[in-house]
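**Student:** sharing a model prediction with you, sequence too.
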Amino acid sequence: MVNKKRKRLEAKGWVTGDAADLFELTPEEARLIDLKLALRATIKEERSRRGLTQEELAKAMGSSQSRIAKIELGDPSVSVDLLLKALMALGMTNKQISKLFI
């Protein structure tokens, strides 16, 4: 939010913040969510870049198309393990994956 707009809202009694404030997340919880969202975005971009359908990626992972859809939509039920498995099924090396964490 633009600082000018934030100040105007706060002057009128509004409270501003982000999702971490709203849901009272610890810094670690907020970082985990950010990391999972970054992994999700990478999976979607890589799948599209490689011209694969969700169904094709699911088959390579031994999963289902609906699970890939959940991954790409950022469903909170998706584990970090499954996100990493998808990246590996897309042919990314450990070195490429580790660069996502830097």
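**Tutor:** Happy to help now that I have it.
**Student:** now do the lengthiest helix in the chain: which elements does it pack against?
**Tutor:** The helix that spans the most residues within the chain, counting by DSSP state H, is helix 27-49. Contacting helix 27-49 under the criterion 3 or more C-beta pairs under 8 Å, 6 or more residues apart in numbering; DSSP states H and E are the following elements: helix 19-22, helix 65-73, helix 80-89. Where you see a C-beta, it was placed from the backbone N, CA and C, and this is true even at glycine.
**Student:** again, only this time at 6 Å
**Tutor:** Applying 3 or more C-beta pairs under 6 Å, 6 or more residues apart in numbering; DSSP states H and E, we find helix 27-49 packed against no helix or strand.
**Student:** okay, that helix in CSV with CA atoms only?
**Tutor:** Provided in CSV are the C-alpha atoms of helix 27-49 (Å, rounded to 0.1, in the frame of the first residue of the first chain):
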residue,chain,number,x,y,z
PRO,A,27,7.9,-14.6,11.5
GLU,A,28,8.7,-18.3,10.9
GLU,A,29,5.1,-19.1,9.8
ALA,A,30,5.1,-16.1,7.5
ARG,A,31,8.4,-17.2,6.0
LEU,A,32,7.1,-20.7,5.4
ILE,A,33,4.1,-19.4,3.6
ASP,A,34,6.2,-17.1,1.5
LEU,A,35,8.5,-20.0,0.6
LYS,A,36,5.6,-22.4,-0.3
LEU,A,37,4.1,-19.7,-2.5
ALA,A,38,7.5,-19.1,-4.2
LEU,A,39,7.8,-22.9,-4.9
ARG,A,40,4.3,-23.1,-6.2
ALA,A,41,4.9,-20.2,-8.6
THR,A,42,8.1,-21.9,-9.8
ILE,A,43,6.3,-25.2,-10.4
LYS,A,44,3.6,-23.5,-12.5
GLU,A,45,6.2,-21.5,-14.5
GLU,A,46,8.4,-24.5,-15.1
ARG,A,47,5.5,-26.7,-16.1
SER,A,48,4.2,-24.1,-18.6
ARG,A,49,7.7,-23.4,-19.9
